[in-house]
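J.: sequence below, structure please.
(2 chains)
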Amino acid sequence: DTAVSQTPKYLVTQMGNDKSIKCEQNLGHDTMYWYKQDSKKFLKIMFSYNNKELIINETVPNRFSPKSPDKAHLNLHINSLELGDSAVYFCASSQGGAGYTFGSGTRLTVV
Amino acid sequence: ELKVEQNPLFLSMQEGKNYTIYCNYSTTSDRLYWYRQDPGKSLESLFVLLSNGAVKQEGRLMASLDTKARLSTLHITAAVHDLSATYFCAGNSNYQLIWGAGTKLIIKP
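T.: Alright, predicted model coming up:
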C-alpha cells in the first residue's frame, strides 16, 4: 500500500524521558512535515524537509529535533519530555503542493 | 501573514438538511485545501482548489473557491450521519499549510 506510515501509534512515557517517532512515506513525495495537534484539535506545523533539507523550522523547543536520513523518512526525536508535549503528532508528505498525505498519528502522553 | 478562519466551529444538524461551512483567508493563497478528520483518526484530503471559481464535488460534498473574496465554502447536501466529522480548511503560504480551527459537524438522525 502506498502511504505515510508512522510509529508508534501510541506512546506513554514519563517526564524527562527521551523518545522518537518514526515516519516513512512510499509515495515518492519530495517534502515531509511534522505537525502537532493539541487537545483543541488545532494543527501547527513544526518542521518541514524538502529532499532531506530543512525548509521550515517553526518556533518549537530545541528539545525537538527532526532527522531526515533520506527523502522517504523523517523522524522526530524529543528530549526531556514535558507534560505540555502531550498531543497527537502527525507526519505528512506532499509533492508540489498537490495535496498532503497524512500518517495515522502518534498519540503522545507524558505522565 | 496568512490567517485562515472557519465558521461555524461547531454545527449540529439533522439528516437530510443542507448546510455550508465557510473558510475565509486573509492574504493570497495559491490553493485552498479541505480535509476531514474522524475522531481519533488521521486527516483525509477531500479537495484541493486551485483557481478562482473552482468547484469540486464528491458525493454530498461540494467545495468552491472565490479568490477575490478570499472565501471557500464546503456545502453539504442532504446530510447523512456518516458525514459527522471535523472539517478543516487550509491555505498555502511559504511552503506550508496554514490551518483553520476546524468545524465539528454532528449530524443527527
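J.: got the residues of chain A near chain B?
T.: A:31, A:33, A:40-45, A:48, A:50, A:55-56, A:90, A:92, A:97-105 (CB under 8 Å from any CB of the partner chain). C-beta coordinates here come from the backbone N, C-alpha and C atoms, glycine included.
J.: need the contact partners of stretch A:65-72.
T.: A:24-26, A:29-30, A:32, A:34, A:46-47, A:49, A:51-54, A:74-79 (CB atoms under 8 Å, 6 or more residues apart in numbering or on different chains).
J.: what's the PyMOL line that selects buried ones from these?
T.: To isolate the buried members of the contacts of stretch A:65-72 in PyMOL, using 16 or more other CB atoms under 10 Å in any protein chain shown:
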select buried, chain A and resi 24+25+29+32+34+46+47+49+74+75+76+78
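J.: now the lengthiest strand in chain B: buried residues?
T.: In chain B, assigned by DSSP state E, the strand with the most residues is strand B:85-93. For strand B:85-93, burial by neighbour count (16+ other CB under 10 Å) applies to B:85-93.
J.: what packs against the helix or strand following that strand?
T.: Toward the C-terminal end, the helix or strand that comes next after strand B:85-93 (DSSP states H and E) is strand B:96-99. Applying 3 or more CB pairs under 8 Å, 6 or more residues apart in numbering or on different chains; DSSP states H and E, one finds that strand B:96-99 contacts strand A:43-50, strand B:85-93.
J.: lowest-confidence stretch among those strands?
T.: When the helices and strands packed on strand B:96-99 are compared on average pLDDT, strand A:43-50 comes out lowest at a mean of 90.
J.: which strands or helices does it pack on?
T.: Packing partners of strand A:43-50 (3+ CB pairs under 8 Å, 6+ apart): strand A:31-37, strand A:53-57, strand A:64-70, strand A:73-78, strand B:96-99.
J.: direction included, what does the fourth one pair up with?
T.: Okay, so that is strand A:73-78. strand A:19-25 (antiparallel), strand A:64-70 (antiparallel) (DSSP bridges).
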